[in-house]
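Trainee: Predicted model and sequence below, questions to follow.
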Amino acid sequence: MSTFKDFCEYYTDYKLDKETSVEERFRTGECPLMIADYTTYNNFAVSAPDIAGLWSFTKIPGTKKSDGTVDHSVACTGLATMIMADTDEPLASWEFAKWWTSEETQTRYGREMEGLMGSAARVPTANYNAFLRMPWPVEDFETLKSSMDWAKGIPQVPGGYYSWRNVYNAFYTVVTLPDTALPREELMDKVIYINAEIDYKREELELDGKRK
Amino acid sequence: MKESSLAFRIRRNKTSYFMLAPYFVMFFFFTVLPVVMSIFFSFTYYNMLEMPEFIGWKNYIKLFLEDDIFLKSLKNTMVLAVVTGPVSYFLCLLFAWIINEFKGWLRAFLTLIFYAPSICGNAFVVWNLILSGDRYGYLNGILLKLGILDEAVIWMKTEKYVLPMLIVVQLWLSLGTGFLSFIAGLQTVDKSLYEAGAIDGIKNRWQELWYITLPAMRPQLMFGAVMQITQSFAIADVSLQLAGNPSVNYAGATVVTHLLDYGTVRFEMGYASAIATVLFILMVGSNKLVQKLLRRVGE
């Protein structure tokens, strides 16, 4: 709750611009510092030759914890492969999934994509070691490797699509009506919806026993 | 074989039936059959990965009693239909009538300007640029410069602006097929009717419009009305592209976006089919109503 309150305060108290084209502002120099994911890096590497060599990236600024160390945690999302339980070929599917996500295959895939379309096509490979073997410039590589240690995945639950949607709604209500909407109230209202949807999905997927 | 029996009449007109067949096959498989299937699915629980499971009226109960987002989307759709339907209809008629006065290339040019938004595919996404929440977006930039605003407004994410903006964009888009059909209709009105009217004592252009032009254009009016109503109930693309999916606090939700949300994001096809069936009944009902009202034009 207090994190949400802090987050809203950046926009209500400090009046940060809510919607910006960060790429354009970075190029003109209006925003000297930018927090974005590495697809923006790819974007700039290819689409901004006017600032080539004038910029680089580093670890995300962290928050100071109570014991003095700095916490550089970054959220990340993921994709998954699944094999259906009713399939006729479970072993073959497993072999395929293993082959596709192996270091050899992913390195080859990433390098060939980049060979075809240049550095704009650098893919986040499915294999960690393959990712380290992509043609990164040296300093960027060191930074990325140290950032990886701080990456934390967000656990997904059935009905989870409803959470981000409601947090989003609560955030925008607070930010567009700063005089009347309080972060705590808005978020608590939406938490009811989120919980209801998660309960509904759990019942539907029979995660707590047979459906009534 | 009896002269008047159905089978005999079919046999006698069989070439006509053969000519109808291609269209009828497509119409049946792409329009009638999906509607029937949708009505069937609305009574089941269907998540597209398993076979549908019959659950009776549960979807409808949930839809009418527990789903407040559906009620909000229904209200939005009604507002959109009521405002953009009649308003755009009259605007089309007005513009068609005015443009009918011009001749030659000026008239063709004006027609193109009015018709262009509807033929250019998804041209309305240019409104994304205009309504961008960025300080440098077109609308924000101009208003900031003129001093009307003192900070950028995120148009598409502020609840109270989403629906009005959607109405504006939809009006801009809808001067489309109806407009063309009105122009065509205005051209085909028999000129001698106007002369006869002048002899009979028609005093001004308004009377001429109400007593002669509009009744003569009744088929076009009907067509225009039907098109407008169907289009305004089906507004979803504009909402998705401009207001996002889902829109902030469901301010831009229409029945079809609600349907798409349940069908494609939540994989609850049975519930989505229930929404579709309700929408179908609503559209047919309002169509009948509009036709009844239009029969009285000119009396």
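Mentor: Received the coordinates, thanks. Numbers count the residues shown, from 1 in each chain, chains lettered A, B, ... in the order given.

Trainee: Now for the residue in chain B that chain A sits nearest to: which residues touch it?
Mentor: Going by C-beta to the nearest C-beta, chain A is nearest to B:Gly133 of chain B, at 3.3 Å. No exception for glycine: its C-beta is placed from N, CA and C like everyone else's. Counting by C-beta atoms under 8 Å, 6 or more residues apart in numbering or on different chains, B:Gly133 touches A:Lys18, A:Glu19, B:Asn140, B:Ala152, B:Val153, B:Ile154, B:Trp155, B:Met156, B:Lys157.

Trainee: Which one of those residues is nearest to B:Tyr23?
Mentor: B:Met156 (41.1 Å; C-beta to C-beta).

Trainee: quick one: that closest one and B:Met165 touch, right?
Mentor: Yes: counting by C-beta atoms under 8 Å, B:Met165 is a contact partner of B:Met156 at 6.8 Å.

Trainee: and the two? which has more neighbours close in?
Mentor: Counted by other C-beta atoms under 10 Å in any protein chain shown, B:Met156 and B:Met165 do not tie: B:Met156 has more neighbours, with 23 against 20.

Trainee: Go ahead and measure how far the lengthiest helix in chain A is from the middle of the chain.
Mentor: Taking DSSP state H as the criterion, chain A has its longest helix at helix A:183-204. Offset of helix A:183-204 from its chain centre (C-alpha atoms, centre = their mean, to the nearest Å): 22 Å.

Trainee: same deal with stretch B:245-257?
Mentor: On C-alpha atoms, centre = their mean, the centre of stretch B:245-257 falls 17 Å from that of its chain.

Trainee: Determine whether any part of that stretch lies close to chain A.
Mentor: Yes: contact of stretch B:245-257 with chain A (C-beta under 8 Å from any C-beta of the partner chain) involves B:Pro246, B:Val248, B:Asn249, B:Tyr250.

Trainee: For chain A, which segments count as helices?
Mentor: A:2-12, A:22-28, A:38-47, A:90-100, A:103-117, A:128-132, A:138-148, A:161-176, A:183-204.

Trainee: Highest mean neighbour count out of those helices?
Mentor: helix A:161-176 (a mean of 20; mean count of other C-beta atoms under 10 Å in any protein chain shown).

Trainee: overlap in contacts of B:Met156 and B:Met165?
Mentor: B:Leu131, B:Leu242.

Trainee: Around chain B, pick out the residues from chain A.
Mentor: Residues of chain A lying near chain B (C-beta under 8 Å from any C-beta): A:15, A:17-21, A:24, A:161, A:165, A:168-169, A:172-173, A:176, A:204.

Trainee: Can you name the residues that contact A:Gly118?
Mentor: Counting by C-beta under 8 Å, 6+ apart, A:Gly118 has contacts A:Val46.

Trainee: Pull the contacting residues for residue 70.
Mentor: Let's take chain A. A:Gly62, A:Thr63, A:Lys64.

Trainee: nope, chain B
Mentor: By C-beta under 8 Å, 6+ apart, the neighbours of B:Phe70 are B:Leu63, B:Val255, B:His258, B:Ile275.

Trainee: Could you count how many residues lie near the third one?
Mentor: Burial of B:His258 is recorded as 26 neighbouring residues (other C-beta under 10 Å).

Trainee: Reduced to three states, what does it come out as?
Mentor: At B:His258 the chain is in helix, as set by DSSP: H, G, I helix; E, B strand; the rest coil.

Trainee: picking up where we left off before, same list (the contacts of B:Gly133) but as TSV, adding pLDDT, distance to B:Leu294 and secondary structure.
Mentor: Formatted as TSV, the contacts of B:Gly133 follow (pLDDT from 0 to 100; distance: C-beta to C-beta, whole Å; DSSP: H, G, I helix; E, B strand; the rest coil):
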residue	pLDDT	distance to B:Leu294	secondary structure
A:Lys18	73	46	coil
A:Glu19	72	44	coil
B:Asn140	85	42	helix
B:Ala152	78	45	coil
B:Val153	80	40	coil
B:Ile154	81	41	coil
B:Trp155	82	36	helix
B:Met156	82	35	helix
B:Lys157	82	39	helix
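
Trainee: Which of those residues ranks first by neighbour count?
Mentor: Result: B:Lys157 is most packed of these (other C-beta under 10 Å), 25 neighbours.

Trainee: Hmm, A:Thr176 and that residue touching each other?
Mentor: Yes: with contact defined as C-beta under 8 Å, B:Lys157 counts as touching A:Thr176 (6.9 Å).

Trainee: rewinding a little: just the closest of the contacts of A:Val70 to chain B, please.
Mentor: A:Thr63 (26.9 Å).

Trainee: near chain A, which residues of the stretch 51-200 of chain B show up?
Mentor: B:Ser132, B:Gly133, B:Asp134, B:Arg135, B:Tyr136, B:Glu151, B:Ala152, B:Ile154, B:Lys157, B:Thr158, B:Glu159.

Trainee: SS state for the second one?
Mentor: I take that to be B:Gly133. coil.

Trainee: Next one: it from B:Asn140, what distance?
Mentor: 7 Å (C-beta to C-beta, to the nearest Å).

Trainee: Using CSV, list the CA coordinates for the helix or strand harbouring B:Val238.
Mentor: In this assignment (DSSP states H and E), B:Val238 forms part of helix B:237-243. In CSV, the C-alpha atoms belonging to helix B:237-243 read as follows (Å, rounded to 0.1, in the frame of the first residue of the first chain):
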residue,chain,number,x,y,z
ASP,B,237,-12.4,-0.9,-32.8
VAL,B,238,-12.4,2.8,-32.2
SER,B,239,-12.6,2.3,-28.5
LEU,B,240,-9.9,-0.4,-28.4
GLN,B,241,-7.4,1.6,-30.4
LEU,B,242,-8.0,4.9,-28.7
ALA,B,243,-9.0,4.2,-25.1
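
Trainee: if we can go back for a sec, just flag the most distant two among the residues of the stretch 51-200 of chain B next to chain A.
Mentor: B:Tyr136 and B:Glu159 (23.4 Å).

Trainee: how about the strands of the stretch 1-150 of chain B, start to end?
Mentor: Taking DSSP state E, counting those that start in this stretch as the test, the strands found in the stretch 1-150 of chain B are B:44-45, B:53-54.

Trainee: any idea which of these is most buried?
Mentor: strand B:44-45 (a mean of 18).

Trainee: other SSEs contacting that strand?
Mentor: Contacts defined by 3 or more C-beta pairs under 8 Å, 6 or more residues apart in numbering or on different chains; DSSP states H and E place strand B:44-45 against strand B:53-54, helix B:269-294.

Trainee: What is the neighbour count of residue 137?
Mentor: Answering for chain A, as no chain was given. Using other C-beta under 10 Å, A:Pro137 has 10 other residues around it.

Trainee: Correction: the question concerned chain B.
Mentor: 22.

Trainee: Return every residue with contacts to both of B:Gly133 and B:Asn140.
Mentor: In contact with both B:Gly133 and B:Asn140: B:Ala152, B:Val153, B:Trp155, using C-beta under 8 Å, 6+ apart.

Trainee: quick one: the last one and B:Asp134 touch, right?
Mentor: No: the pair B:Trp155 / B:Asp134 is not scored as a contact, 10.5 Å apart, by C-beta under 8 Å.

Trainee: what's near enough to touch residue 55?
Mentor: You didn't pick a chain, so chain A it is. A:Phe26, A:Phe44.

Trainee: Can you look at chain B instead?
Mentor: B:Phe43, B:Thr44, B:Tyr45, B:Gly270.

Trainee: Nearest spatial neighbour of B:Gly224, chain-adjacent residues omitted?
Mentor: B:Gly178 (3.8 Å; C-beta to C-beta, 6 or more residues apart in numbering or on different chains).

Trainee: how much space is there between that neighbour and B:Val32?
Mentor: In terms of C-beta to C-beta, B:Gly178 sits 26 Å off from B:Val32.

Trainee: Have a look at these two and say which one is more surrounded.
Mentor: In terms of neighbours (other C-beta under 10 Å), B:Gly178 is the more surrounded of B:Gly178 and B:Val32; the figures are 25 against 11.

Trainee: Brilliant, that's me finished.
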